[in-house]
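1. 3D model of this:
(chains A and B)
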Amino acid sequence: MTALPDIPRLYTALAECLAVLLFTPALAPRFSKAVTGSVTLLWVVVLSAFLGLTGNVPGGLWIPCMTAAIGLSYLYLWGVWSITLLEAGYHCARAFILAELAASVEWQLHCALWPARSPWEPLSLLLLALVYGALFGGMCYWLHISPQPAGHLQISGSAALTAVMLALTAFAVSNLGFLPGSDINMSIFSIRTLVDFSGVLILSVQHEQLRENALHNELAAMDEVLHRQYEQYKRSKEGINLINRRYHELKVQLARIREEQDQTKQNAAIAAMEQNIRQYEAENKTGNPVLDTILTAKTMECQQENITITSVADGRMLGFLTIRELCTIVGVALDNAIAAVRAEPDPEKRLIKVAVYSQGGFAMLRFEHYTETAPALDADGLPQQGSDLKSVRTTVGQHGGSMTLHWENNWWTLRILFPLPKNK
Amino acid sequence: MIRVAIVEDDAEVQGVLQEYVRRYTRQYGTEFEVTVFADGVDILDNYRAVYDIIFLDVEMKHLDGMTTAERIRQMDAEVILIFITNMAQYAIRGYSVGALDYVLKPVPYFAFSQQLLKAVARLEKRAKRYLTVPVEGGLRRLDTASIYYLESEGHRVHFYTDEGDFSAPGALKAFEEKLADCPFARCNSGYLVNLAQVRELRQSTVQVGPCELQVSRPKRKAFLAALTDYIGGEGS
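-> So this is what the prediction gives:
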């Protein structure tokens, strides 16, 4: 049996490029369309040229060459798309094994059908188009139909590491048959295809799991808000019933106050009435239903604790945040403020102010509360109590925003800035 | 002397607020000249942009506080508006007139004094906004608000402003120190940007007035933090 030729390097390069480009539509670009497009083109050309030129290197150099090629794709992924180094590793591993599988399947078919035919004849190229088209097309369709969680899919360090290790193992095992000295025949091709196939399968299952976890978390957050919404609805219903009953009581009270001769008693009665009335003023409309719910619930909480909270909020532009993100930011900020002012003995000084507005291409969320003691900060610049702020800062960072904390003139201010996404 | 207007239809509350202002003067030493109006209609009649701070009751007989605020805003972009209200929350309208601050009725002195303290601090900050720049044949007095950004060019600094561009001798660092009280920050080592002119932020560039400038990775974090404090600080 004669030794079979190995996959032409340009075939590998094409598979590699297609596989990487398959995953990029889900990522956010770092730069403008023109820059992204031209860097992508440059990367395709450089990778193809590199793989083409290093096609005939001796066995010992083969591994460094493949590493360099993977490194190029990795750098491209990280440099052009707005992802962390870990996430780039994860996507790169998935793309690499998928590319290996595609190239392996295609070349096996080619060798089985026409071992002697040149890879550059029209018929061979047709086979290439068919196999790559079916494989990448199928994968693309599958990615397209599976529901995607809103926002950025979180990839943890361990998930990325697992993916990279799996990809490396699959790659090593699939290429064992190509060690110098062994005969290259169809069975080695079959083993390579099978191992690559299992690699793709395992990585796809892992990805599926990450995706489902993200969807599940989102649902849980949504449930929480839905629950609150229901609570709000129940409260307003209770409130309306109360108002109907109180109408009558108020009339009676008013008549009594009018008859009252003692000025101080009259004032006290009026103050008590005002306190009651304030309970009903917690209904809030900011243009964002999630913000409405949180602000209303927190305002009621404050009224019960004798805390004065004032808020001016335009939430119409906050739609780019998921429910979970908005819940985290506003909930944590207000919980911290409430906990801090609750410790203030003088109720007149229990003050919280909230402002949400947009200015130019930015959204601003500002939370202020009065406190006479400077909060102790940890090495990270966050208050030692209320480490929840860390999750707020992470959320803000994911949207390219910024969070600052200041204590000035006895006021503790938390400011959060988001650059507003375009066309939204 | 800071000029304050109180627009409030309840004579008793008028008296309370005037007393609060006097108490504030005793506490902090800031002098005020207070004018009282009984309705939105009264302050709008022959309105002149002479006030620094206006306290506005939201519920008034003839013209409510919100509408009054909108009319005042059309004539006076600078004045600080503070609402007095018994509503715990304000939605969109408060922001549209540039009023993020208000005090709840019945007004306690402490909340009132804190609000006034903040307004006074804002007025003081506003006062320092002119920069003298040495140019050929003399000195040029420049409104810092009109600057887009400053660019370092060897031993000169190039000024880009909405009144045209010019350059002056000196180091960028020296101008940065002079502008310490104004909202300026570096988006990379060569550009000092007026944060008030920042329109939009993209991955690696920032839109400052009509110009698009590069943001360098090392400066990005500090630049964003400065921008956050600026946008979240003015409140109007």
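
2. ok, whichever residue of the stretch 1-150 of chain A sits closest to chain B - contacts?
-> For the stretch 1-150 of chain A and chain B, the shortest gap (Cβ to the nearest Cβ) falls at A:Arg30, measuring 4.5 Å. Placement of C-beta: from N, CA and C, glycine included. Taking Cβ atoms under 8 Å, 6 or more residues apart in numbering or on different chains as the contact definition, A:Arg30 lies against A:36, A:79-82, B:203-204.

3. looking at it, B:Cys182 is touching B:Ser146, isn't it?
-> No: the criterion here is Cβ atoms under 8 Å, and B:Cys182 misses it with B:Ser146 at 11.6 Å.

4. that's a helix at B:Val36, yeah?
-> No: the assignment for B:Val36 is strand, going by DSSP: H, G, I helix; E, B strand; the rest coil, so no helix is present there.

5. Can you tell me the number of residues neighbouring it?
-> B:Val36 is surrounded by 17 other residues when neighbours are defined as other Cβ atoms under 10 Å in any protein chain shown.

6. before we move on, the earlier item: pipe the contacts of A:Arg30 into a markdown table and attach secondary structure per row.
-> A markdown table is the format used below for the contacts of A:Arg30 (three-state DSSP):
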| residue | secondary structure |
| --- | --- |
| A:Thr36 | helix |
| A:Gly79 | helix |
| A:Val80 | helix |
| A:Trp81 | strand |
| A:Ser82 | coil |
| B:Gln203 | coil |
| B:Ser204 | coil |
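
7. Mark which of these are buried, thanks.
-> When neighbours are counted using 16 or more other Cβ atoms under 10 Å in any protein chain shown, these contain these buried positions: A:80-81.

8. packing partners for the helix or strand encompassing B:Lys219?
-> Counting by DSSP states H and E, the element that carries B:Lys219 is helix B:217-234. The elements that helix B:217-234 packs onto, with contact taken as 3 or more Cβ pairs under 8 Å, 6 or more residues apart in numbering or on different chains; DSSP states H and E, are strand A:362-370, strand A:402-408, strand A:411-419, strand B:184-188, strand B:198-201.

9. how about those strands, which one is nearest B:Asp45?
-> With Cβ to Cβ as the measure, strand A:362-370 is the member of the helices and strands packed on helix B:217-234 nearest B:Asp45 (35.0 Å).

10. Show me how chain B divides into domains.
-> Per the record's domain assignment (automatic domain parsing), chain B is made up of the domains B:2-127, B:131-234.

11. Could you dump those domains into a markdown table with mean pLDDT added?
-> Written out in a markdown table, the entries for those read as follows (pLDDT from 0 to 100):
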| stretch | mean pLDDT |
| --- | --- |
| domain B:2-127 | 87 |
| domain B:131-234 | 90 |
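
12. Please name the residues that touch A:Ala99.
-> When contacts are counted by Cβ under 8 Å, 6+ apart, A:Ala99 is found next to A:12, A:15-16, A:18-20.

13. Return the distance of it relative to B:Gln197.
-> Distance, A:Ala99 to B:Gln197, by Cβ to Cβ, to the nearest Å: 47 Å.

14. and what of A:Leu22?
-> Computed with Cβ to Cβ, the distance linking A:Leu22 and B:Gln197 is 42 Å.

15. what does B:Gly15 give?
-> In this structure, B:Gly15 and B:Gln197 are separated by 44 Å, where distance is defined by Cβ to Cβ.

16. Show me which of those two is the more surrounded one.
-> The residue with more neighbours, out of B:Gly15 and B:Gln197 and counting by other Cβ under 10 Å, is B:Gln197; that gives 22 against 12.

17. List phi and psi for B:Glu78.
-> Recorded main-chain torsions at B:Glu78 are phi -90, psi -30, according to degrees, to the nearest 10.

18. What helix or strand is the closest residue to it other than its chain neighbours located in?
-> Of all residues beyond its chain neighbours, the one nearest B:Glu78 is B:Ala49 (7.1 Å), with distances taken as Cβ to Cβ, 6 or more residues apart in numbering or on different chains. With elements delineated by DSSP H and E, B:Ala49 resides in a region that no helix or strand encompasses.

19. Quickly note the distance from B:Ala49 to chain A.
-> Distance check for B:Ala49 against chain A: by Cβ to the nearest Cβ, to the nearest Å, it reads 23 Å.

20. Correct me if wrong: that residue contacts B:Ile43.
-> No: in terms of Cβ under 8 Å, B:Ala49 does not count as a neighbour of B:Ile43; the distance is 11.5 Å.

21. More neighbours: the two, which one.
-> B:Ile43 (22 against 11).

22. Tell me the backbone dihedrals of that one, please.
-> The phi and psi torsions at B:Ile43 (degrees, to the nearest 10) take the values phi -70, psi -30.

23. and the closest residue to B:Leu227 other than its chain neighbours, what is it in contact with?
-> Counting by Cβ to Cβ, 6+ apart, the nearest residue to B:Leu227 once its immediate chain neighbours are dropped is B:Leu195, at 5.4 Å. Counting by Cβ under 8 Å, 6+ apart, B:Leu195 touches B:183-185, B:226-227, B:230-231.

24. Now render the residues you listed as a markdown table, adding neighbour count.
-> Shown next, in a markdown table, are the contacts of B:Leu195 (neighbours: other Cβ atoms under 10 Å in any protein chain shown):
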| residue | neighbour count |
| --- | --- |
| B:Pro183 | 22 |
| B:Phe184 | 21 |
| B:Ala185 | 21 |
| B:Ala226 | 21 |
| B:Leu227 | 25 |
| B:Tyr230 | 21 |
| B:Ile231 | 24 |
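
25. Brilliant, that's me finished.
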